[in-house]
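> Quick one, structure for this:
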Amino acid sequence: MSDRDPPATFTDINEAVGTDWESNTTPYERIRHVISHTYSPLSADTVADNARTAPKTARKHLNTLADEGFVETTPGEHGSTRYRRSPESLVMEQASDILGHVSTDELVARIQEMREQLTEYQTEFGVESPEELAVSQTNQALAESGVPQEEIDPERVREWKTLRRNLAFANAALSISTAEQFVDDDRRSTDENVPA
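This is a model prediction of the structure:
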């Protein structure tokens, strides 16, 4: 047995972390953080609860984030508005992350590799996409006449879907890189034509 006295009160660690987060961030920062992880539409009240702020403050910042394109709004029940992370902002974030870690030449090579892998999936399954595969399997099951249906590994289908998503992000990153290069080239040519 210990000679130490137990602590007078037990501190809820989640509450302590939440209080610390609240004191070290602004409501805008907390709302942006909450919505950056929100892919299903939420009410402003729910976002406010999660961001530890008032619903009125949440609505104000959510509308600002919607104007900036970071948030997507959808109609909710009884005329309310629901909020979630916009797909465009997620694509931009992923593309920027890729460009921060991979050179344009390496990105081009990786895109080529992914396209080759995509072709391999299409050849293996005999369809263009995982969605077509699902339709094909459903049609086979409905028309089944005692012939056993070939079992498809769901992990392979998930890998195919992930590959397509990653290829889309890589293509977006390459497009952004190309556009930035055109802007830089235009800026340089304009700067060169301006007399000193």
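> Not counting sequence-adjacent ones, nearest residue to Val71?
Closest residue to Val71 apart from its sequence neighbours, by CB to CB, 6 or more residues apart in numbering: Leu65 at 4.1 Å. Every residue, glycine included, has its C-beta placed from N, CA and C.
> what does Arg164 give?
That would be Leu118: by CB to CB, 6+ apart, it lies 6.8 Å from Arg164.
> neighbouring contacts of stretch 70-80?
The contact list for stretch 70-80, computed with CB atoms under 8 Å, 6 or more residues apart in numbering, reads 32, 35-36, 41, 43-44, 62, 65-66, 81-87, 89.
> Can you flag the buried ones in those?
32, 35, 41, 43-44, 62, 65-66, 82-86, 89 (16 or more other CB atoms under 10 Å).
> which helix of the chain spans the most residues?
Secondary structure assigned by DSSP state H gives helix 154-193 as the longest helix of the chain.
> Can you mark which positions in that helix are buried?
157, 160, 163-164, 166-167, 169-170, 172-174, 176-177.
> where exactly do the strands run in the protein?
Counting by DSSP state E, the chain has these strands, from start to end: 42-43, 71-75, 81-85.
> Let's have those in TSV, adding distance to Pro27 and mean pLDDT.
Listed next are those as TSV, based on distance: least, CB to CB, whole Å; pLDDT from 0 to 100:
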stretch	distance to Pro27	mean pLDDT
strand 42-43	16	94
strand 71-75	15	94
strand 81-85	15	94
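> Columns distance to Ala16 on top of these, output as JSON lines?
Below are the strands of the chain laid out as JSON lines (distance: least, CB to CB, whole Å):
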{"stretch": "strand 42-43", "distance to Ala16": "25"}
{"stretch": "strand 71-75", "distance to Ala16": "29"}
{"stretch": "strand 81-85", "distance to Ala16": "28"}
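> So for Asp105, which of those strands sits nearest?
strand 81-85 (31.2 Å; CB to CB).
> who's in contact with the closest one?
The contact list for strand 81-85 (CB under 8 Å, 6+ apart) reads 35-44, 47, 62, 65-66, 70-76.
> so where's this structure uncertain?
The chain contains residues with pLDDT under 70 at 1-11, 144-150, 186-187, 189, 191-196.
> Next up, the contacts around Tyr121.
Arg156, Trp160, Leu163.
> can I get those in CSV with distance to Leu107?
Converted to CSV, the contacts of Tyr121 look like this (distance: CB to CB, whole Å):
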residue, distance to Leu107
Arg156, 26
Trp160, 21
Leu163, 15
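> Nearest to Ala141, out of these: which one, please.
Once CB to CB is applied, the member of these that ends up nearest Ala141 is Arg156, at 18.3 Å.
> Now do the same contact list for that closest one.
Tyr121, Glu124.
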